[in-house]
Structure formats: C-alpha cells, structure tokens
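Q: with the sequence up front, the predicted model follows.
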Amino acid sequence: MNWIKLKQFLWEWRSVWIASPSIAGLVILLRLLGAFQSWEWAAFDQYMRWRPLLPRDPRIVIVGIDEADMRYLNQGYIADGVYAKLLTKLKARQPRAIGLDIYRDVPFEPGHAELVKVFEASDNIIGIQKVVGDRNHEVVAPPPALKRKNRVGANDVIADADNTVRRGLIYLQNNQGETFFSFSLYLALLYLEKENIFPEISETKNSANKNIWKLGKTEFIPLQPNDGSYIRANTNGYQILLNYRGPRGSFETVPLRDVLEDKVPPDWGRDRIILIGSVGESFKDYVFTPHSSGWLSIPQPMSGIEVQANLISQIITSALDAPSLIKSYSEPIEWLWIFFWSGIGGIITWHWRQNRKSSLIKNHKLIAGILNISFLQRSTGFLCATATLFGITYIAFVYGWWLPIVSPLLAFAGSATVITTYIAYTADSIRKIFGRYLSDEVVSTLLESPEGLKLGGKKQQITILTSDLRGFTALSELWSPEEVVLILNIYLEQMLNVITDYQGTVDKFMGDGIVILFGAPVPRENDAERAVACALAMQLAMPAVNEKLEHLGLPVLEMGIGINTGEVIVGNIGSEIHTEYTVIGREMNLVFRIETYSTGNQILISHSTLEAVGKSLLKINEERLVKPKGVKHPIPIYDIAGMGGQYNLFLTKEEEKFLPISQAINIQYSLIEGKQASDKLFTGKLVKISAQGAIIRTDKIQENSLPSPLTNIKLNLICVNEDGAVEISDALYAKVLDKPANNQEFYIRFTFKTPAVAKKLLNLLIDELKKQK
C-alpha cells in the first residue's frame, strides 16, 4: 500500500520532478557560459555594502598625498629629497613597517642621494614595482636600492571585466615565470614577524595542487577559476578575494604636509604599518571597488593605497584575530544549491495548486482554484521564498561565505514559471473539459466573476427548454448499453451544436432529456425568441440524427419539447460537499409538465413564453388547455409549427391518414402513471392505422377505459398464429391525442415500437394501402 501511495505521489508531482531539474540544469549551463557572472558580481558588491562595516584597523595608517600637499610643496612633482625627509621622520616614530606606494625607479632631483641613503639604512621600508604590464600601464621597475635589499613588492591589482577590484594578490609571476611577493604581503609579514608568526606551507592541497600558505591558524586558500561566481577567471599567481573593511576613508589618513610639519601626535605610527601613497584624484591612482557604487549614488572610487591597506589588514586579521577570508563552496555543492532552489520554486508553486485543489475539489471548483489563486498569496509566497534566499546568502556572506545568489534565484523563478505555465495549460484543458459539462458562459461566470463560486442564487427571468426522447426508456431495455450510449451520443452531438448556435446554456442532462436555459447566467432581451428558435432547429435536426442511426442499423428517434418562461432562482445550489449551477422554482417544474404533453416532433410552449416572443412571430398549430399536476387551474399551452422574422424556421407536417383495418387487431392496454404502467388492464381493438398512430376502440365502456387526452399508455397486440395459438406482442407505447372520436374510440400516436412490432404494423399498413388501390 505504501508503494502504491509512493507511486501515486511521484506521478502527481511528476511536473516538479521534470521541470525543476531541467530548469536547474539550464541555469547551471548558462552560468558555466558566464551569462550571470556580472549579475553575481553586482550581488556580491551589494552584500559588501549592506553588511555592517568593520571597525577601523588601528594597526594601519596612511600618509596621503593630495592636491593640497602639492600646493604646499609649490611644485608639480615630489622630489626624492621630500620623501627622504618624510621617511626619516616616520622612522623616528618606530613603526613596524613603512610601505612606499610610490614608483621610484628613476631619480627625481633634488635629494635622490639622500633617499638612497634612507633606503640603504632601513630594513622595514618596502617599495613597489609593477610586475605585469597591461594595456594602460607598462612594467615599472623597483627602486634599485630597495631591490638590492630585497625589500620590494608588487603593487599590481586585478580588475574584473567590469573594472572593479575584488581580488588581491599574495604573490604573482611575471611573463618569464618569476615569482614576486605582493607589496601588501611583504608589509603584513613584517608586522606579523613581531608577533612571531611566520608563513608556513599547509599540508592541504587545493584542486590545482598548489601549495597553500598558512599564517597563524588560517590557511589562505587560493582562488580558483570558477570559485564563487567567477567563470574561467584568470587566477595566475596566488589570489584571494578582497574582504574590504569599508568604503573610501576606512583607514586613518593624515596629509603629507602634517607629517613634514610635525603636526601629528608624537606616538602616531608607533608599532604600526605606515603606508605612503597618493589619495588625490588628480594623481589617477584610483580603482573601483564593491563599495564604489550604490543604487542611487555616483560611483566613488578608492585610492590604490587604500586597496593595499585593505589587503594588508585582511592578512593580519586572519593571522592574528579570526579568519577574514571570503570563501566559496566547490562547484558540485553550488550546483546542488541551485538544484535545491529550483526544487523549492517548483514545490511551492505546485503545492499552492494542490492546496487549492484539496479544498475546492469537494465542491467542484478545482478550475477556479487553479485559475484564481490570489495575487496576494502568490506574491507573499514568492516574496517569502526570495527573502529567505537573500537572507541565507546574506548571513552566509557576513560570516565569510560567498554563495551564488542570482543563479538560484533565476532557477527558483524559472521553475515556478514553468510550473505555473504548466498549471495554466492544464487548467485551460480542464476548463475545456469543464465546458463539456457546462456552457462557456457558465464556466466563465463561475471562474471569472468574483461572486461566481459563492453558494446561493438570485431571482432572474429566464426561458427554460426541456426536451425528451419518446420511448427511450423502453428502447434502452432492448439494446445493449454500448448501443444505447452510441444512440445518445449521436443525438446529443447534433443537439448540442444547435444549442450552441442559439447561445443556450445546458443546465443538465437527464438520461435522454436535456434542460437548456436561455437568460442564465447572462440575460439577453431575446431569450424567449432564441429558445423557441432553438427548439425548432432541434426538431429540424432530427432527420439528420435518424439518418445516421438508420445507417448504423439503430432505431430512429422522436423528440418532444416543452418551453416555459418565468422567474426562477439561478445560482450555485447545494453545499460545500456538492454544488451545481442550476435553477429552481415553480417555472422549472412547470416546463417539465408541459413537455410531458408533447408528442414526437412536437413543441409546446407556455402562455408566458408566447407573450415574451409575441404571437405575431409564431405559427401555432393549436391551443389547448391542460391541468398539470400541482397546478390549481387549467393553463393554455401552444403547439408551435414555426417562427418567422430573422429565424424563419418552420416544421413540415404531413397530413396523417388513418386507414381502416379489414380485420381489427385485438389489444390490451394500461395507463401509465408517472413512469410506471398501471396493473389494471383494458381490452380493445386496433381499428384504424396510420404511419405514426392508430385509432383504438374499447370493447366496452369501463370505468377509466377511455384515457384522458395526452395520457401515455402501454399496449400489446393480441394475435392468433397459424397454429391457432394466441400470441401477445412486445409492448408498444403511445400517447393519447386530443382529437375528437366516437364514444368508444380514441386516437393514439406511437412513442415507441420494438423492431418486430414496427415491422408488423408497417406490413399491415402496406396491406391496407394495397387493398384500397
């Protein structure tokens, strides 16, 4: 049983099992092609800006050179003598290291000799060189004096395709394969040397089989080409993701002139790393970082010396305090992350559909549930799921993990979209199926109107048409169920086409009967006219139905129709367990009574329908008074033969000729009350016959032996065969006509004849015609 439930569950959720992995696979493929890389970078930058700013690192200070310093020096460049004086003053403050982020590969007189002496006398001054040239900058050599002391680091920065610096270098190689430590690493190692922390090689190997550096307890895992949301990034050298402490101005910075004039506190810079670099915009040593841009702000680039300060701070913090590296998971785990969110999108969307289904299937409103899931519910669900995704990835980022954001979001939205599209497609299919049971107007009213699904109804003037096949109950007993269904389908197919043409609403099928509404759910001015025209068109379509039936060797059919107009209750009637869109009221009951008075190929309408249509538009065969059951006084009904005006529909009526039978046929008959034949039998003779009916003469006047006009009767022919034995034929059914006859006679119209009896009566009619000729 559990296996059966599991199979059913898997089958019901097949769209999720198919759509979600497919969407996830597509998103992963697009991701591997780099389609989302720039979006992921933008999300990375936004998280960097959103997270709480780290406190200012007191271990690093900057001597910033700006335009005011140039005015102070009263020259367009800074001579080597100025730097010699600056470094001398800074050395006196006993810093752990001094980083000179100024190119000094050639002399800038005056004072070059003094600067060289300072370089040669110092072991904690680190200079710079540019190791790798690019389109905008050539390789720049280091200061010769510092090069000889091996106190030079590479200050190269790596900008991504969007010109934003997100990565920092531990070391790198030049085009000849030589390895150079970065400027930031040199300074950080000088600082950590005082803490007795030295670089080690970890036993761990990464996927590229590179040696992994370890400082303190932290392993510096090098960035791989596809780490985070990078796709085939150039990761030459030893790169890590830069964990910026904040935007521009996050490090304590003093101007060059203040140091030269001794305007900084005496202990400023003691036991720290002092960086010297340009911070003025005219020096063009600026780069874009994740903190540079905002949604509504103008991009604010960061000076190169501040970028170096951030990388130095990151290395020292990771070695001394706590890991401040930004890590990422392996590609397979990130793929699982995308698959997970794709599944969440599919499951949530499908679960909405399931919840609506379970609550609505009881009252047959499944389609409405599918089509009318509230916008608020969908929006809330998507917002909650999206907020959860952003919340998880943001918290992970705060703790140093870079998870894909855009790819899972697109997988989530894509899976939800595909499932929603599938649901809409299936809902449309269900709507079409639903439309086979109700008209398009009813379906639209139920599904699209805000009040369409509520229980209850309203009073409305409508015209009701009900049709019924004569003798179909008896016919269904003689033919197999499959043949009966075939007969009905042929009949109903033709009738429904007519009903659709005249904009009727099928209320229900009752076996071989059809109840059709005109004016519900949408009332129109010509509802009664269309109802009568539809009835005429239905009767005119019966020859085509019978032609198909005769071709298949099936019995021909006759249909009676009743029409009534009046005020009824229209709406969703029932309970939460079962609901039907239908009508109730006296006028509905009355139309069924009127229809029972009709014979085959006849249309009877009530007086209210006659008034609604207008007598001048109708051709009326006759008017008669009837007293239906439950009605206190007789009411007039009208036999309709045609309709003029725009419809121009008329029934052909052949003159029925009754021929005397030379040798009357004995019969026995009983009256039909409701659907049951009475046990009381009467006897008589068939004295005249026509193609559709006969005249019966009772043997003697008995109580109720002459049935009332429009009564239904069941009769059998009593014959004597060649051997002298009495044979009783199969039952025939007929309706007593409202025609004057002799005291002991009455007219009938056959409503059902078995094939054997029909053949016998036909032969009898042919014989009598021959005799007359």
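A: Perfect, I can see it now. The structure displayed is predicted, hence computed values, not measured ones.
Q: tell me how far E611 lies from L617.
A: According to CB to CB, to the nearest Å, E611 and L617 sit 11 Å apart. Quick note: C-beta positions are derived from backbone N, CA and C, even for glycine.
Q: what's the answer for Q676, then?
A: From Q676 to L617 the distance is 40 Å (CB to CB).
Q: A677 too?
A: If you go by CB to CB, the gap between A677 and L617 works out to 40 Å.
Q: repeat for P481
A: Counting by CB to CB, the gap from P481 to L617 is 43 Å.
Q: same question for T582.
A: 29 Å.
Q: A159 contacts S292, doesn't it?
A: No. A159 is beyond contact range of S292, at 11.7 Å (criterion: CB atoms under 8 Å).
Q: more neighbours, these two?
A: S292 (21 against 14; other CB atoms under 10 Å).
Q: I273 versus that one, what's the distance?
A: 24 Å.
Q: kindly report the same for I65.
A: 17 Å.
Q: what's in contact with stretch 603-611?
A: 463, 528, 531-532, 535-536, 539, 560-566, 587, 590-591, 594-595, 597-598, 613, 618, 635-640, 651 (CB atoms under 8 Å, 6 or more residues apart in numbering).
Q: what's the neighbour count on S328?
A: S328: 21 neighbours (other CB under 10 Å).
Q: quick check: bridge partners of I516?
A: Counting by DSSP bridges, I516 forms beta bridges with L465, V506.
Q: endpoints of stretch 232-240, how far apart?
A: 15 Å (CA to CA, to the nearest Å).
Q: in which helix or strand does the closest residue to A416 other than its chain neighbours reside?
A: Once flanking residues are discounted, A416 sits nearest to G345: 4.0 Å by CB to CB, 6 or more residues apart in numbering. Using DSSP states H and E, the element containing G345 is helix 331-360.
Q: list the buried ones in that helix?
A: Using 16 or more other CB atoms under 10 Å as the test for burial, helix 331-360 gives 334-335, 337-350, 352-353, 356, 360.
Q: one step back: give me the more crowded residue out of P481 and L617.
A: L617 (17 against 8).
Q: K653 versus the nearest residue to the more buried one once chain neighbours are set aside, what's the distance?
A: Nearest residue to L617, sequence neighbours excluded (CB to CB, 6+ apart): G645, at 5.2 Å. G645 is 20 Å from K653, where distance means CB to CB.
Q: one more: N743?
A: N743 is 28 Å from K653, by CB to CB.
Q: ditto for R624
A: Distance from R624 to K653, by CB to CB: 16 Å.
Q: can you pull out the strands in the stretch 501-650 of the chain?
A: With DSSP state E, counting those that start in this stretch as the criterion, the stretch 501-650 of the chain has strands at 505-510, 513-518, 559-574, 579-584, 602-606, 618-626, 635-643, 649-650.
Q: highest average neighbour count across those strands?
A: Comparing the strands of the stretch 501-650 of the chain by mean neighbour count (mean count of other CB atoms under 10 Å), strand 602-606 comes out on top with a mean of 26.
Q: between strand 635-643 and that one, find me the angle.
A: 130 degrees (axes from the mean of the first three to the mean of the last three CA atoms, to 10 degrees).
Q: the residue nearest to L617 contacts L618, correct?
A: No. In this structure, G645 is not within contact of L618 by CB under 8 Å, at 9.5 Å.
Q: domain parsing for the protein?
A: Listed domain ranges for the chain are 13-47+329-434, 54-320, 454-650, 659-772 (source: automatic domain parsing).
Q: could you tell me the end-to-end distance of the second one?
A: Which is domain 54-320. The first-to-last residue distance of domain 54-320 comes to 16 Å (CA to CA).
Q: any idea of the mean pLDDT for that domain?
A: Averaged over domain 54-320, pLDDT sits at 91.
Q: grab the most central residue of the chain for me.
A: Central residue of the chain (CA atoms, centre = their mean): T420, 1.5 Å from the mean position.
Q: tell me the contacts of that residue?
A: Contacts of T420 (CB under 8 Å, 6+ apart): T349.
Q: which stretches of the stretch 51-200 of the chain form strands?
A: Using DSSP E, counting those that start in this stretch, strands in the stretch 51-200 of the chain cover 60-65, 97-100, 125-129, 152-154, 158-159, 165-173, 179-181, 200-205.
Q: and the closest residue to F339 other than its chain neighbours, how many neighbours?
A: Sequence neighbours aside, A24 is the residue nearest to F339 in space, at 4.4 Å (criterion: CB to CB, 6+ apart). A24 has 28 neighbours, counted by other CB under 10 Å.
Q: residues contacting A24?
A: 335, 338-339, 341-343, 411, 415.
Q: same thing but 7 Å
A: Counting by CB atoms under 7 Å, 6 or more residues apart in numbering, A24 makes contact with 338-339, 342, 411.
Q: can you say which helix or strand has it in it?
A: helix 14-32.
Q: ok, the spatially closest residue to P628 that is not a sequence neighbour to M495 distance?
A: In space, and not counting its chain neighbours, P628 is closest to R593: 3.5 Å by CB to CB, 6+ apart. Per CB to CB, R593 is found 22 Å from M495.
Q: then K548?
A: From K548 to M495 the distance is 13 Å (CB to CB).
Q: who's more crowded, these two?
A: A count of neighbours by other CB under 10 Å puts M495 above the other of K548 and M495, at 22 against 16.
Q: SS state for that one?
A: helix (DSSP: H, G, I helix; E, B strand; the rest coil).
Q: L769 versus that one, what's the distance?
A: For M495 relative to L769 (CB to CB), the value is 34 Å.
Q: what about the helices in the stretch 601-750 of the chain?
A: 607-613 (DSSP state H, counting those that start in this stretch).
Q: can you give me the helices in the stretch 351-500 of the chain?
A: 366-371, 375-398, 406-434, 440-448, 472-478, 481-501.
Q: need those in TSV with distance to S328 and mean pLDDT, can you?
A: Listed next are the helices of the stretch 351-500 of the chain as TSV, based on distance: least, CB to CB, whole Å; pLDDT from 0 to 100:
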stretch	distance to S328	mean pLDDT
helix 366-371	41	45
helix 375-398	10	84
helix 406-434	13	76
helix 440-448	48	53
helix 472-478	74	75
helix 481-501	63	90
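Q: okay if I get these as TSV plus distance to I718?
A: Converted to TSV, these look like this (distance: least, CB to CB, whole Å):
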stretch	distance to I718
helix 366-371	57
helix 375-398	73
helix 406-434	51
helix 440-448	51
helix 472-478	19
helix 481-501	29
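Q: closest one to V570 among these?
A: helix 440-448 (10.0 Å; CB to CB).
Q: just to revisit the earlier point, mean pLDDT lowest where, among the strands of the stretch 501-650 of the chain?
A: Across the strands of the stretch 501-650 of the chain, the lowest-scoring stretch is strand 579-584, with a mean of 73.
Q: so how many other residues sit close to the closest residue to V556 other than its chain neighbours?
A: Residue nearest to V556 in three dimensions, not counting chain neighbours: N546, with 4.1 Å by CB to CB, 6+ apart. N546 has 17 neighbouring residues, counting by other CB under 10 Å.
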